[in-house]
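1. how would this look folded up:
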Amino acid sequence: MAVTDIPTGNTYDKYHSRNPVARKLMERFHQNLDQCLAQCDPTRLLDVGTGEGELVPTYVEAFGKIPMVAVDLPDHELASNWADRDSENIFADAEKLPFPDSTFDLVTCIEVLEHVPRPEVVMAEMARVASGRVLLSVPNEPIWRISNMARGAYLKDLGNTPGHIQHWSRKSFIAQVSEHFEVLEDRSPFPWTMLLCEVR
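-> Got it, this is the predicted structure:
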């Protein structure tokens with residue numbers, strides 16, 4: 001599949017929104033993320049689907065400057081944001097991660113799996129390269145779409161964010177993730193599902 005065929009999502013910057021409601025939601029999201037990270041003690045971290053690398057500073061704050069690799073599909077405009085990140089950034093396909101088995105004792109994949117055509121393959125790859133914990137988050141459906149419609153967004157698509165091709169409720173996401181990992185903790189910071197897992 002060509003890079004141009006991969007849905008890349010909308011251009012709404014939730015991490016830097018000035019909307020007070022969005023800021024409050026992101027604050028709760030980060031609180032839950034921080035609480036999950038506090039239960040991890042990695043020596044080597046992989047961030048799958050890093051995007052602009054917005055969460056790399058959060059990982060550095062949690063763990064210090066441990067060896068950290070961040071991957072995403074080839075996109076040089078996207079990669080222009082990586083210069084000031086404290087991570088090794090590389091282009092890679094999440095379905096074929098270029099790392100040996102059990103390389104990382106923490107793998108993160110935050111707000112990515114809803115965009116990928118074969119999430120089960122990506123999860124299997126993360127399970128292969130992980131030796132410890134895995135932290136995942138996705139939109140909680142149908143709450144996500146209902147929330148979009150409530151704010152008048154994406155009405156012609158019934159609230160579906162552009163680029164979201166996978167849709168999980170909290171229960172269905174836990175069920176799919178459980179095929180690859182042991183779920184240690186599940187959280188629901190509105191309107192997301194966040195799972196802290198461990199490789200079996």
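
2. Quick one: distance of the helix or strand bottoming out on mean pLDDT in the chain to the chain centre.
-> Every helix and strand in the chain was compared by mean pLDDT, DSSP states H and E; the lowest is helix 76-79, with a mean of 87. Counting by Cα atoms, centre = their mean, to the nearest Å, helix 76-79 is centred 18 Å from the centre of its parent chain.

3. Assign a three-state SS to the residue lying farthest from the centre of the chain, would you?
-> Each residue of the chain has a distance to the centre, and by Cα atoms, centre = their mean the biggest one is for residue 156: 26.1 Å. With DSSP: H, G, I helix; E, B strand; the rest coil as the basis, residue 156 sits in helix.

4. then the following helix or strand past the least confident helix or strand of the chain to CSV, C-alphas only?
-> Following helix 76-79 in sequence order, the next helix or strand is strand 88-91 (DSSP states H and E). Extracted C-alpha coordinates of strand 88-91, given in CSV (Å, rounded to 0.1, in the frame of the first residue of the first chain):
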residue,chain,number,x,y,z
GLU,A,88,15.7,8.5,17.5
ASN,A,89,13.1,9.0,14.7
ILE,A,90,12.8,6.7,11.8
PHE,A,91,10.4,6.0,8.9
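
5. Indicate each strand paired with the strand of greatest length in the chain and its parallel or antiparallel sense.
-> Identified as the longest strand of the chain according to DSSP state E is strand 130-139. Here strand 130-139 is paired, per DSSP bridges, with strand 104-110 (parallel), strand 192-199 (antiparallel).

6. since we're on the closest residue to residue 141 other than its chain neighbours, how many residues are nearby?
-> Spatially, and ignoring its direct neighbours in sequence, residue 141 is nearest to residue 167 (4.3 Å; Cβ to Cβ, 6 or more residues apart in numbering). No exception for glycine: its C-beta is placed from N, CA and C like everyone else's. Each residue near residue 167 was counted by other Cβ atoms under 10 Å, and the total is 16.

7. okay, residue 10: pLDDT?
-> Note for residue 10: predicted pLDDT of 43.

8. Tell me how far the residue nearest the centre of the chain lies from residue 73.
-> The centroid of the chain falls nearest to residue 110 when counting by Cα atoms, centre = their mean (1.3 Å). Distance, residue 110 to residue 73, by Cβ to Cβ, to the nearest Å: 16 Å.

9. Helix, strand or coil: sort out residue 185 for me.
-> Once three-state DSSP is applied, residue 185 turns out strand.

10. ok, it - contacts?
-> 36, 39, 195-196 (Cβ atoms under 8 Å, 6 or more residues apart in numbering).
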